[in-house]
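# Below: sequence and its predicted model.
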Amino acid sequence: MRESITAHMTGRQERTIAVRLSDYVQLLKFRLTTSVVFSALAGYLLAVETYSAFDMVALVFGGFFTVGASNAFNQVWERNRDALMNRTKNRPMAAGRMSVTEGLIVSTIALIAGAFLLFSINSLTAYFGLASVVLYTLFYTPLKARTPWAVFVGAFPGAIPFMLGWVAAANDFDIEPGILFGIQFLWQFPHFWAIGWVAYDDYAKAGYYLLPTREKDATSINLIITYTVWTIIASLLPVFHFTGALQLSWPMAIVTALLGVWFLRSALALRKNPSKEAARKLMLTSVGYLPLVQIVYVLDKYLF
C-alpha cells in the first residue's frame, strides 16, 4: 500500500513538473524563438571568416533567451487580453496556471542569461539584442491595443535577428547588416498583416486591430502587396554588388526571384479572393519565404 501511495505521489509530481516545463515553453514561445534564432545563425554564417564554436553557441542560446524574454514579458503585460482570445487563452498566465511573479522571474532570468551570452561575443551584439527587448516590450506591446502603427514599431525589433548574426561575426554595423535588417523589416508587414487577417475576429475580442486600416479591405490588401514587392526587391539587392561583402550570384538571384514570385502570387491571390483561406495561405508562404531566402544566401556564399 505504501509503495502504491508513493508511486502515485511521484507520478503526480512528475506530471506537475511536466506541466510547468510546458508552461515555460509556451511562455518563451519556443517554436517562434527557434525560428528567430535561425535568422541570427544565417546572418552569422554569411559574415564569419574564422569560425568560433563558442560564438556560435553563445549566439544561438543568447539569441534564444533574449527573444524568449521579450515573448515572456509580452505575455505578462497582455495576460488579461490573452484570456479573451481563443488562440492565447491557454497561455500560462492567461489560464491562471502561472502567477505574474513567476512569469516576471522567468522573464528576467532569460533576459540576464541572454544578455550575458551576447556580451560574451561582443558588446555591439548585446546592445542590439537588448534594444530588441526594449522596443518589443516597452513600445510594441503597449501600442498593440492602441493603433495599427504597432506593427511598424514591432517590425524594428523583429528585424534585428538576421543582422544580429552578422554583427556577432563582424563586430561592426555597416551596409551588409543594414540590408539584412531591411529584408526582414519589410517582410514582417505582409507576414503580420496576413496573421492579422486570419485572426481578425479573435484579435477583435481583445481590442486588437492590426491591419493597416483596421479593416479587412482593399487598402489593406494593396499595402500587403506593396510591401511584398519591396521585400522581394530588397532580397535581390546583393546581386548588384553595392552591398559590400554581402554578395549574391546571378544563379542564386534567380532562385531568390522565383521565391519572390511564389510569395507575390500568394499576396495577389488575397486580392482576387479576400478570404481567411487566402490570407492563411499567404501567412504560410511568408513563413517559408524568409528562411528559404536565408538558406539561399548562405548556400551562395559557400557554393559560388
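Done, it's in. Numbers count the residues shown, from 1 in each chain.
# Can you get me a residue count around Tyr200?
Per other C-beta atoms under 10 Å, the neighbour tally for Tyr200 reads 18. Where you see a C-beta, it was placed from the backbone N, CA and C, and this is true even at glycine.
# For the chain, which segments count as helices?
Listed in chain order, the helices of the chain (DSSP state H) span 2-28, 30-47, 53-82, 100-121, 123-134, 141-143, 150-170, 175-198, 200-205, 218-236, 250-272, 276-303.
# can you list the ones you listed in TSV and add mean pLDDT?
Below are the helices of the chain laid out as TSV (pLDDT from 0 to 100):
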stretch	mean pLDDT
helix 2-28	64
helix 30-47	94
helix 53-82	96
helix 100-121	97
helix 123-134	97
helix 141-143	95
helix 150-170	97
helix 175-198	98
helix 200-205	96
helix 218-236	98
helix 250-272	98
helix 276-303	97
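# and Phe242, which of the ones you listed is closest to it?
Phe242 lies closest, by C-beta to C-beta, to one member of the helices of the chain: helix 175-198, at 8.0 Å.
# name the helices or strands packed onto the closest one?
Counting contacts by 3 or more C-beta pairs under 8 Å, 6 or more residues apart in numbering; DSSP states H and E, helix 175-198 is packed against helix 30-47, helix 150-170, helix 218-236, helix 250-272, helix 276-303.
# List just the one of the ones you listed that sits closest to Tyr209.
Nearest of these (C-beta to C-beta): helix 150-170, 9.8 Å.
# and the closest one with helix 123-134, angle?
160 degrees (axes from the mean of the first three to the mean of the last three C-alpha atoms, to 10 degrees).
# mind exporting helix 150-170 as PDB, just the C-alpha atoms?
Provided in PDB are the C-alpha atoms of helix 150-170 (Å, rounded to 0.1, in the frame of the first residue of the first chain):
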ATOM      1  CA  ALA A 150       2.200  49.000 -33.600                       C
ATOM      2  CA  VAL A 151       3.100  46.700 -36.500                       C
ATOM      3  CA  PHE A 152       5.500  49.300 -37.800                       C
ATOM      4  CA  VAL A 153       7.100  49.700 -34.400                       C
ATOM      5  CA  GLY A 154       7.300  46.000 -33.800                       C
ATOM      6  CA  ALA A 155       9.000  45.500 -37.100                       C
ATOM      7  CA  PHE A 156      12.200  47.100 -35.700                       C
ATOM      8  CA  PRO A 157      12.900  44.500 -33.000                       C
ATOM      9  CA  GLY A 158      11.600  41.800 -35.300                       C
ATOM     10  CA  ALA A 159      14.100  42.700 -38.000                       C
ATOM     11  CA  ILE A 160      17.200  42.600 -35.700                       C
ATOM     12  CA  PRO A 161      17.900  38.800 -35.600                       C
ATOM     13  CA  PHE A 162      19.200  38.500 -39.200                       C
ATOM     14  CA  MET A 163      21.500  41.400 -38.900                       C
ATOM     15  CA  LEU A 164      22.400  40.400 -35.300                       C
ATOM     16  CA  GLY A 165      24.200  37.300 -36.600                       C
ATOM     17  CA  TRP A 166      26.300  39.400 -39.000                       C
ATOM     18  CA  VAL A 167      27.200  41.800 -36.100                       C
ATOM     19  CA  ALA A 168      28.200  38.900 -33.900                       C
ATOM     20  CA  ALA A 169      30.600  37.700 -36.600                       C
ATOM     21  CA  ALA A 170      32.000  41.000 -37.700                       C
END
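# Okay, buried residues for it please.
For helix 150-170, the neighbour count (16 or more other C-beta atoms under 10 Å) marks 150-151, 153-170 as buried.
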